[in-house]
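[1] Everything below, folded, please.
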Amino acid sequence: MHKYRDQIKKGVVVTILALLSMPSALLGQARTDSPRHLLEIQRSFAEGEMDVETAALEQFRVLYEFPGNSLHKCATPAEMFLHAHRDRISPDALAKIESIRSGHSPSKKKQALETYISPSGKFEIVYVTSGDDSVSVEDNDGNGVPDYVDLVAESADSSYRHEVINLGFKDPIPTGTTYTIELEDLSYYGETIFQGGSGPETYIVMENDFVNFPPNTHPLGNQVGAVYATVAHELKHAIQYAQNEWASPSGAFDWAEMDATLFEEVVYDDVNDYYNYIKNGLNSSDPYSASIFFAPEDGTPGAYWHVSWMIFYSEYFGDELWSDVWQMIEGQNNLSIDEVLVDLLPDRGEDFETSFVRNHLWHFASGSRAGQDNYGFGEKLQYPNANLEAKFNSVPEEAVEVNFIRPLAARYFEIEPSAGDDGFIEVAVDFDSTQVGLGVLLYMNNGEMNELIATGENKSQVYVPTEVTWQEVEKIGVVIANYSNSGSTREIQLLIGKEGNTITIRDPEYADLPKSVKIYQNYPNPFNPETNINFDLPRSAFVELTVYDITGRKVQTLTAQDYRLGSYSIPFNAQGLSSGVYFYRLKINDEVFTKKMTLLK
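    Below is the predicted model of the structure:
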C-alpha cells in the first residue's frame, strides 16, 4: 500500500473533515466558484475521487491563485503531498506547479529584493518594500532594516537556538550556509518548501504582515505573536524534513502538524496561538469541534486541534523527550509518534498505556474542572471544558453501557455523589478482552485531586479499588481509554461501586481476593498480652470489632470504620486486663460474628 494511504489509518479523513468545518475566523469564506480547500482535495484523493496529478495541481491553485478565499494555518501539507507523490506526477504537471508557485514568490519576481542576515548568521530574510508583498518600512531602531524583518530574524535565531541547540534536533542548515525565509502576502501563516541542492534542502515562506489574522495572547501584540508562532512552527517542519524527509506515518499531515504546532508552545509559551484550535476563541470556555476536549472519542492524531495531546508529554516528561522520539524515527522511519512513545517511555519510568490514560485525565481536569490542586496542564484554567459522555448526580446503580471506543481515543464520565451515597469508591470496566485503560480522578473535599490508573488487555475486566469513601469527595472523573492505535474496544460496561452496590470483581489481578466473609480464630491463643484478630471481606463493608469479658461487659472497641474488600489483621493488647476468657464480636454491615479467646498471664 502506498505510504499516503497509510495516513487514512491514522485519522487523516477525520482531520480533513475537521478542517473543513473550521470557524470562519480561521478559514474565511470561500467563493462557491473557487477550487476546494486543499485538505478537501487531499481527502478526495485519499478516497479515490481525484487522481494524484489533479490533486497536486488543485492544492497549489488554492494556495496561490485564490489567496483571498480562505486563511490556512499552514500550507506545508500541500508541499508534503507533492514531495510524497513527485515520482507519480508528470513533468508537465510539475512545471505547472512550479509556474504557479514562482509567479507568487518575491524571490522569483522582478522586484527590488532586499536581504538581511540574522544576528546569528544562520538565516537570510528575503523581502521587498514595495508592492503587494511589501513589509512595513517602519524602522524604529534606526538600523536601516524594517522592524518586521528584525522581528522575523530574531525569532528565527531564537527558534533555532531552542529547537536545534538546546533540544538537540537535527540541524537543517548545513555548515557554512544560510537558511532562507521569504516574506510575502499569503493566504496562510507560512510554508516550508522542499528545494534540494547542496545547501539547506528546504526554505520557508511566511506572511509579510499578519494583518487580520486570528488573535493570540502575546503581550507585545498579535503580529509579534503570529511571527513567533509561525517561525517556530515552520522551522520544526524544516527539521522534520532533515530527519525523515516527511515520510509517513510520522511525516503525514496529522502527526507532522501536531508536532510543529507543539513547538510554537515549546519555544514561545506566551503566544498561545494554538488556543484558536482547541477552543472557540481565546476567551471561550467551549471546545473547538475537532479538539480532544470536544470529541475525545474521535482518536488521535488530529493535527493542530490535538496539539494538547503532545503538550501533555512535554509537560509531564520534558521537551527533551521529543528529540529522542525523532532520533528513533530518523533511524527507523516506519514508526508513528505513538509507536515510538511505546518504546521510549519505559526508560522514563512509565508505560505508554498508563501515560495515555493520564493524558486524557489531564484533558478532563481542565477549564471548569481544573480544581484547586496543581494537577494537570500548566494552562488548564485557560483550556476549554471537556465534553462528557455522561454526567451522574448520584452513583449509578446499574452498569453504564459504552458500546465501543476507537483506537487512541477515550470517553469521559463525571459522578457527583448524592447525600445517600456512602461506602468505598470502586470502579471497573467490563470489555471484550481487547484493551482498556481506566483512569479515576478523585476531587477530594479538601481540594486535593488524586488519580488512580489501571490498564489491561486480553482479559474481560479492569478494576480500580480505592481507600476513599463517597462522603470524602465532591465528585470523581472517570476516563475509559483505548490505547491501541489499531483496534477498537467494544462491549464496554462501566461499573461504579458503593455501599449496597457491590461490583463483582473478575479482574484476574485481584484473583486472590476473598470470595466470602471469613472470621479466623485469634492468634496466638491463648495469648499474653498481645494477639491478632484476622478476617476476610469479599466486598467493601462497615466493620465494628469489639472485645467483651465473660460477663458481657464491653472491654474495648478495636475498630469501627469502613473497610474495602481484602484480608485484615487487627491487633489486640490486653495489658492491664486479668487472665480469663474474653469474646471478640465482629459486626460486618448487618452480620454479627462472635469468637472466644483466652488471656493467660
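[2] Could you tell me how far residue 345 is located from residue 427?
    Distance of residue 345 to residue 427, computed by C-beta to C-beta, to the nearest Å: 24 Å. (Glycine included, C-beta is placed from N, CA and C.)
[3] who has more neighbours, the two?
    A direct count of neighbours by other C-beta atoms under 10 Å for residue 345 and residue 427 places residue 427 higher, at 24 against 20.
[4] I'd assumed residue 493 was in contact with the more buried one.
    No. Counting by C-beta atoms under 8 Å, residue 427 does not reach residue 493; the two are 11.5 Å apart.
[5] For the residue most central in space within the chain, which three-state class applies?
    Central residue of the chain (C-alpha atoms, centre = their mean): residue 309, 1.8 Å from the mean position. With DSSP: H, G, I helix; E, B strand; the rest coil as the basis, residue 309 sits in helix.
[6] Residue 300 is in contact with that one, correct?
    Yes. Judged on C-beta under 8 Å, residue 309 makes contact with residue 300 at a distance of 5.0 Å.
[7] joint contacts of the two?
    Common neighbours of residue 309 and residue 300 (criterion: C-beta atoms under 8 Å, 6 or more residues apart in numbering): residue 292.
[8] Just the buried positions in stretch 325-333, please.
    325, 326, 327, 328, 329, 330, 333 (16 or more other C-beta atoms under 10 Å).
[9] And the fourth one, how far from residue 342?
    Computed as C-beta to C-beta, the residue 328 to residue 342 distance reads 11 Å.
[10] any shared contact partners between these two?
    In contact with both residue 328 and residue 342: no residue, using C-beta under 8 Å, 6+ apart.
[11] can I get the buried residues of stretch 325-333 in a markdown table with distance to residue 517 and pLDDT?
    Converted to a markdown table, those look like this (distance: C-beta to C-beta, whole Å; pLDDT from 0 to 100):
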| residue | distance to residue 517 | pLDDT |
| --- | --- | --- |
| 325 | 51 | 97 |
| 326 | 56 | 96 |
| 327 | 56 | 95 |
| 328 | 53 | 95 |
| 329 | 55 | 95 |
| 330 | 60 | 93 |
| 333 | 59 | 78 |
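[12] Which of these fall within helices?
    325, 326, 327, 328, 329, 330 (DSSP state H).
[13] Contact partners for the fifth one?
    In other words, residue 329. Shown in contact with residue 329 (C-beta under 8 Å, 6+ apart): 243, 244, 250, 335, 337, 340.
[14] Over to the first one?
    If a contact means C-beta under 8 Å, 6+ apart, then residue 325 has 337, 340, 341, 344 as its contacts.
[15] Out of those residues, which sit inside strands?
    Using DSSP state E, no member of the contacts of residue 325 sits in strands.
[16] Redo those residues as CSV? Include pLDDT, neighbour count and distance to residue 184.
    Shown next, in CSV, are those (pLDDT from 0 to 100; neighbours: other C-beta atoms under 10 Å; distance: C-beta to C-beta, whole Å):
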residue, pLDDT, neighbour count, distance to residue 184
337, 96, 25, 32
340, 96, 21, 36
341, 97, 23, 37
344, 96, 17, 39
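[17] With distance to residue 99 as extra columns, can I get those in JSON lines?
    Shown next, in JSON lines, are the contacts of residue 325 (distance: C-beta to C-beta, whole Å):
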{"residue": "337", "distance to residue 99": "36"}
{"residue": "340", "distance to residue 99": "39"}
{"residue": "341", "distance to residue 99": "42"}
{"residue": "344", "distance to residue 99": "44"}
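[18] where does this structure dip in pLDDT?
    Scanning the chain for pLDDT under 70 picks out the ranges 1-39, 66-72, 103-111.
[19] what number of residues lie near residue 426?
    Using other C-beta under 10 Å, the number of residues around residue 426 comes to 23.
[20] what's across from it in the sheet?
    For residue 426, the beta-bridge partners under DSSP bridges are residue 465, residue 497.
[21] That one: what's it in contact with?
    463, 464, 465, 466, 496, 497, 503, 540, 564.
[22] swap in residue 566?
    Residue 566 neighbours (C-beta under 8 Å, 6+ apart): 513, 514, 536, 537.
[23] quick one, helices of the stretch 51-200 of the chain?
    Under the criterion DSSP state H, counting those that start in this stretch, the stretch 51-200 of the chain contains helices at 52-64, 76-85, 91-102, 147-160.
[24] winner for burial among those?
    Neighbour counts (mean count of other C-beta atoms under 10 Å) averaged over each of those peak at helix 76-85, with a mean of 24.
[25] Give me the residues contacting that one.
    Outside helix 76-85, the residues within contact range by C-beta under 8 Å, 6+ apart are 3-4, 38-39, 42, 52, 55-56, 59-60, 62-63, 89, 97, 190-194, 234, 237, 245-248, 251-253, 256-257, 260.
[26] Filter those residues down to the ones in strands?
    Those of the contacts of helix 76-85 lying in strands (DSSP E): 190, 191, 192, 193, 194.
[27] Now the second one: closest residue in space, sequence neighbours ignored.
    Taking C-beta to C-beta, 6 or more residues apart in numbering as the measure, residue 191 lies nearest to residue 75, with 3.8 Å between them; neighbours along the chain are not counted.
[28] before we move on, what about the first one?
    Nearest residue to residue 190 in three dimensions, chain neighbours excluded: residue 206, at 3.6 Å (C-beta to C-beta, 6+ apart).
[29] Export the helix or strand harbouring that neighbour to PDB, keeping only CA atoms.
    Here residue 206 sits within strand 202-207, counting by DSSP states H and E. Output of strand 202-207 as PDB, limited to C-alpha atoms (Å, rounded to 0.1, in the frame of the first residue of the first chain):
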ATOM      1  CA  THR A 202      14.100  23.400   2.400                       C
ATOM      2  CA  TYR A 203      13.200  27.100   2.700                       C
ATOM      3  CA  ILE A 204      10.400  29.000   4.500                       C
ATOM      4  CA  VAL A 205       7.900  31.400   3.000                       C
ATOM      5  CA  MET A 206       5.800  33.300   5.600                       C
ATOM      6  CA  GLU A 207       3.200  36.100   5.800                       C
END
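[30] orientation of it relative to helix 147-160 in degrees?
    Angle of strand 202-207 versus helix 147-160, following axes from the mean of the first three to the mean of the last three C-alpha atoms, to 10 degrees, is 140 degrees.
[31] from here on, count from 641
    Yes, from this point I'll number from 641; that puts the last item at strand 842-847.
[32] Tell me the strands beside strand 842-847, with direction?
    Strand pairing for strand 842-847, determined by DSSP bridges: strand 819-824 (parallel), strand 828-834 (antiparallel).
[33] Can you give the contact residues for it?
    Strand 842-847 is contacted by residues 745, 792, 812, 819-826, 828-835, 853, 866-867, 870-871, 874-875, 877-878, 881-882 when judged by C-beta under 8 Å, 6+ apart.
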